[in-house]
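J.: 3D model of this:
(2 chains)
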2 protein chains.
Amino acid sequence: MSYIELKNITKTFGNTVALDNLSLELEQNKIYGLLGRNGAGKTTLLNLITNKLFPTEGEILIDGDSVIENDRPLSKVYFMTEKNFYPDTMTIKSAFKWGREFYPDFDEDYAVRLSEKFSLKIEKKIKSLSTGYKSIFKIVMALSCNTPVILLDEPVLGLDANHRDLFYKELLQSYSEKPRTIIISTHLIEEAADIIEDVIVIKNGRIIMKDSVENVLSQGCCVSGSAAAVDKFTAGKNILGYDALGGLKTAYLLEEIETQAVPEGLEVSKLDLQKLFIYMTNS
Amino acid sequence: MSYIELKNITKTFGNTVALDNLSLELEQNKIYGLLGRNGAGKTTLLNLITNKLFPTEGEILIDGDSVIENDRPLSKVYFMTEKNFYPDTMTIKSAFKWGREFYPDFDEDYAVRLSEKFSLKIEKKIKSLSTGYKSIFKIVMALSCNTPVILLDEPVLGLDANHRDLFYKELLQSYSEKPRTIIISTHLIEEAADIIEDVIVIKNGRIIMKDSVENVLSQGCCVSGSAAAVDKFTAGKNILGYDALGGLKTAYLLEEIETQAVPEGLEVSKLDLQKLFIYMTNS
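T.: Next up is the predicted model:
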């Protein structure tokens, strides 16, 4: 049964169609990756789910309740936005105190412990934080609020590789202890591929793919070798795109290849989600 | 012969030592990756090379000339900063015109062509651009100015995967046509690994590694399998760190393993630069 349901959602801004008759059903307790190019409609979709924007047409339900002007479904969702909506002069510590007012299950002890792991100093004012630490503060809020749904919009913006690694680990740890429905919108697709179960790809306001990461990746492969050999072998196949370097070439295919069918000198390897995404969404 | 030379550079801010007696020599016409955690001193180093900051101690030379209060070496460097220093009301088109005033070899035609590839509309005002498109505008300026040295500080911040892919390709294309000394500071280490030749890792204001990517990666490997088997095989070896998932474990080693020495059931694979970096720089 679906926990979040978008039914024929259209959203226009003036003459621009941001979302175009989009329908989507999301299950409870699953981690979704929401992928799309800049401007594809990802943030609009998250804003609609949380009633920050109203659809031009269509209906959105959370656990069976319409989200429009309705506190009950919205109390079930924490939305980590790219922008910061906390008062600038507020300290992180007092934001945690306020967290409990809005989210009854907010776990302040956990928030403090998680801050320590990220070396986030909770006496600091939110406005004094760097881009990376603003993201970390919002990550801590999101993982501590214990709502059944968490929406994360570009959670790792400005984070160094170590902090991104820590975030992925803490997210999985938190999820395994308290399963929730999590939607992550991110441009760092290859890193996210390890933590998301299902992938949703938006292009020009429509969903062009919704499937498990496992399924998606098992349907494609890369073939590398000399340009001539690659061209000969892949002729007539379902080719997503190519990379070339000197006389070498890699073809990205959207079909399975049996290993014994591959001529000597060619190498077949797994497709990665980011490459697949790039070729699917290039204009 | 080194083209850029930092000799015993120390930079303090109040009681904080940002760079600590750091020496570094960079060759002409090579692509360097400058890696370090947030706050490690990367941006300070780039600011010192371009005379935006003065060293507390030490000396910096470009092509044999000291950079301090000296226009000649500085005219050889374009610095793509994270912050935007162009007037807000300026259009991209007029920024290109001004580019020629400051950089005599600025290639306006190329800038226009590159803008088209990124769908950057050059009639727009710089202030109206999104985070991603601000980065793209600065990338176009950097690749068009044709200075012997380009410094890129977080060039791909906010870019979607397709635009990052396009940036890496255009950078390599531009470099192969007109070799220059390029320093890229980035948190997206795994992606940058494909385009950088040498890697420089900074930790706490000191350089802890400077080597070719090829050398660095050939010195390490990953060993995966059941936790017990991995522990047994890697005991006493130079272990950087572990990842574990259920009963499975991956050990990251900083030594080479001969394939025939590996017991059945264990898999040895290449180390990636980002994992290596994470384990080297975790505190």
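J.: Isn't residue A:66 up against residue A:72?
T.: No - Residue A:66 is beyond contact range of residue A:72, at 9.7 Å (criterion: Cβ atoms under 8 Å). Every residue, glycine included, has its C-beta placed from N, CA and C.
J.: The two: which is more packed in?
T.: residue A:66 (14 against 11; other Cβ atoms under 10 Å in any protein chain shown).
J.: Residue A:139: helix or strand, and which one exactly?
T.: Assigned by DSSP states H and E, residue A:139 belongs to helix A:131-144.
J.: Apologies, that question was intended for residue A:24.
T.: strand A:16-27.
J.: Same question for residue A:223.
T.: strand A:221-226.
J.: Now the element after that strand, going C-ward?
T.: helix A:227-234.
J.: Give me the secondary structure label for residue A:260.
T.: Following DSSP: H, G, I helix; E, B strand; the rest coil, residue A:260 is assigned to helix.
J.: ok, it - contacts?
T.: Applying Cβ atoms under 8 Å, 6 or more residues apart in numbering or on different chains to residue A:260 gives no contacts.
J.: any idea how far it lies from chain B?
T.: Residue A:260 sits 22 Å away from chain B, going by Cβ to the nearest Cβ, to the nearest Å.
J.: Residue A:161 too?
T.: 5 Å.
J.: wait, isn't that residue in contact with residue B:274?
T.: Yes - counting by Cβ under 8 Å, residue A:161 touches residue B:274, with 5.2 Å between them.
J.: what helices or strands is the strand holding residue A:223 leaning on?
T.: Secondary-structure packing of strand A:221-226 (3 or more Cβ pairs under 8 Å, 6 or more residues apart in numbering or on different chains; DSSP states H and E): helix A:227-234, strand A:248-253, strand A:267-270.
J.: what's the average pLDDT for the next helix or strand after the first one?
T.: It refers to helix A:227-234. For helix A:227-234, the following helix or strand on the C-terminal side (DSSP H and E) is strand A:239-245. Averaged over strand A:239-245, pLDDT sits at 87.
J.: Pairing partners for strand A:239-245, with directions?
T.: Strand pairing for strand A:239-245, determined by DSSP bridges: strand A:248-253 (antiparallel).
J.: Work out the gap between the partner strand and the centre of the chain.
T.: 27 Å (Cα atoms, centre = their mean, to the nearest Å).
J.: ok, and for stretch A:198-206, which residues are buried?
T.: By 16 or more other Cβ atoms under 10 Å in any protein chain shown, the buried positions in stretch A:198-206 come out as A:198, A:199, A:200, A:201, A:202, A:203, A:204, A:205.
J.: wait, does that stretch make contact with chain B?
T.: No - judged by Cβ under 8 Å from any Cβ of the partner chain, stretch A:198-206 stays clear of chain B, getting no closer than 11.0 Å.
J.: Let me know the average pLDDT across that stretch.
T.: Here the average pLDDT along stretch A:198-206 is 96.
J.: hang on, the earlier thing: tell me which helix or strand comes right after the strand holding residue A:24.
T.: Taking DSSP H and E, what comes next after strand A:16-27 is strand A:31-36.
J.: Output the contacting helices and strands for that next one.
T.: helix A:42-49, strand A:181-185, helix A:189-192, strand A:198-203.
J.: switch to 7 Å and redo it
T.: strand A:181-185, strand A:198-203 (3 or more Cβ pairs under 7 Å, 6 or more residues apart in numbering or on different chains; DSSP states H and E).
J.: how far is that strand from where the chain is centred?
T.: 3 Å.
J.: ok, now stretch A:2-20?
T.: The answer for stretch A:2-20 is 18 Å, by Cα atoms, centre = their mean.
J.: now what about that stretch, what contacts it?
T.: Residues outside stretch A:2-20 that contact it (Cβ atoms under 7 Å, 6 or more residues apart in numbering or on different chains) are A:21-28, A:41, A:44-45, A:48-49, A:53, A:55-63, A:149, A:181, A:205-206.
J.: Then stretch A:248-256?
T.: A:219-224, A:226-227, A:230, A:234, A:237-243, A:271, A:275, A:279.
J.: Of these, select the buried ones using a PyMOL command.
T.: Buried residues within those, by 16+ other Cβ under 10 Å, are selected in PyMOL with:
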select buried, chain A and resi 220+221+222+223+224+227+230+234+239+240+271+275+279
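J.: Which residues of the stretch 1-150 of chain A lie near chain B?
T.: A:37, A:38, A:130, A:132 (Cβ under 7 Å from any Cβ of the partner chain).
J.: dump the residue contacts of the last one.
T.: It stands for residue A:132. So residue A:132 contacts A:158, A:159, A:160, A:163, B:38 (Cβ under 7 Å, 6+ apart).
J.: Run the angle between the helix or strand hosting the fourth one and strand A:181-185 for me.
T.: Per DSSP H and E: residue A:163 is located in helix A:161-177. If you take axes from the mean of the first three to the mean of the last three Cα atoms, to 10 degrees, helix A:161-177 sits at 160 degrees to strand A:181-185.
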